[in-house]
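**Q** Any chance you can model this:
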Amino acid sequence: MNKSVKKTRMYDAEATRTRLLDAAEALFADRGYNAVSVRDIARHAHVNLAAVGYHFGSKENLFVESLMRQMRPLNASRLATLDALEARVVPPTLAEVLDAFSRVMVEAAISEQTTGTRLHRNLSRAFAESDEIARIVFRKEMLPAAMRFLQAIRRASPELSLPAATHGVAMFAGCLVHTLRWAVSPPFPELLAGVIPDANTLIASLVAFGEAGFHKLAEVKSPKKGRRKK
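**A** So this is what the prediction gives:
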């Protein structure tokens with residue numbers, strides 16, 4: 001096989017893979033994971049049904065990869081921001097760490113509404129519709145970033161116990177996902193009184209909310225175990 005033919009086939013394979021990811025991302029966002037079939041995705045991508053199995057193996061793998069394709073550059077960006085903060089002479093504050101955790105996702109959602117809507121919907125559905133998918137997505141793409149930020153949060157707020165900081169990260173991540181919804185498609189626009197918040201306003205509100213929450217978590221005491229009756 002000459003080089004030009006081989007290169008053409010590689011390009012065709014990559015183009016097919018990209019069309020499948022684009023189709024999956026759009027369909028899963030619009031209908032949800034359970035309502036979309038492999039045949040739907042192949043038809044939407046204008047490829048042979050067997051291409052899904054060839055490139056991804058299963059619908060679950062295709063869903064995970066379509067979501068991680070969006071999450072990878074976002075995670076890389078926020079980890080780079082955290083690296084820069086930690087390289088300073090002055091350690092980052094809790095607010096700066098929370099800003100680094102959330103900013104790139106909110107800005108990306110607002111700057112590209114279609115992509116932002118799909119990211120929010122698919123991220124929400126990964127955790128709402130399938131525990132197994134959520135586990136795969138979290139462990140493959142989100143856990144390493146979550147651990148880095150957990151460590152940074154504890155350094156910025158040493159009064160936090162490990163359980164309190166861990167719970168706080170989980171709750172703040174949930175707030176971030178919901179903030180993405182308000183950024184791209186507010187569920188109750190009436191509550192905004194006609195004022196659509198920009199990225200900086202949303203991020204500032206989210207960070208202030210999270211900072212106060214973490215400070216309060218440091219005050220929460222674990223319940224003492226009762227003594228066994230003799």
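**Q** Could you check what's spatially nearest to Phe56, not counting adjacent residues?
**A** Leu62 (4.2 Å; Cβ to Cβ, 6 or more residues apart in numbering). The C-beta positions use only the backbone N, C-alpha and C, and glycine is treated the same way.
**Q** With Ala208 instead?
**A** That would be Ala95: by Cβ to Cβ, 6+ apart, it lies 7.8 Å from Ala208.
**Q** about what we covered before: going on from the helix or strand where the residue nearest to Phe56 lies, what's the next piece of helix or strand?
**A** Leu62 belongs to helix 59-86 when assigned by DSSP states H and E. Per DSSP H and E, the first helix or strand lying C-terminal to helix 59-86 is helix 94-111.
**Q** In CSV, list the C-alpha atoms belonging to the following helix or strand past that next one.
**A** Using DSSP H and E, the helix or strand that directly follows helix 94-111 along the chain is helix 113-128. What follows is helix 113-128, C-alpha atoms only, in CSV (Å, rounded to 0.1, in the frame of the first residue of the first chain):
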residue,chain,number,x,y,z
GLN,A,113,-23.8,28.3,23.8
THR,A,114,-24.4,25.1,21.8
THR,A,115,-21.3,23.3,23.2
GLY,A,116,-22.0,24.7,26.7
THR,A,117,-25.6,23.4,26.7
ARG,A,118,-24.4,19.9,25.5
LEU,A,119,-21.7,19.8,28.1
HIS,A,120,-24.1,20.7,30.9
ARG,A,121,-26.7,18.2,29.8
ASN,A,122,-24.4,15.3,29.2
LEU,A,123,-22.4,15.9,32.4
SER,A,124,-25.7,16.0,34.3
ARG,A,125,-27.0,12.9,32.6
ALA,A,126,-23.8,11.0,33.2
PHE,A,127,-24.5,11.2,36.9
ALA,A,128,-28.3,11.0,36.8
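**Q** which of the residues in the helix or strand encompassing Arg135 are buried?
**A** Element membership for Arg135 (DSSP H and E) is helix 131-137. Buried positions in helix 131-137, judged by neighbour count with 16 or more other Cβ atoms under 10 Å: Ile133, Ala134, Ile136, Val137.
**Q** Of those residues, which is the nearest to Val90?
**A** Val137 (34.7 Å; Cβ to Cβ).
**Q** Would you agree that closest one is in contact with Arg125?
**A** No - using Cβ atoms under 8 Å, Val137 makes no contact with Arg125, being 10.5 Å away.
**Q** can you tell me how far Ala165 sits from Phe172?
**A** Ala165 is 10 Å from Phe172, where distance means Cβ to Cβ, to the nearest Å.
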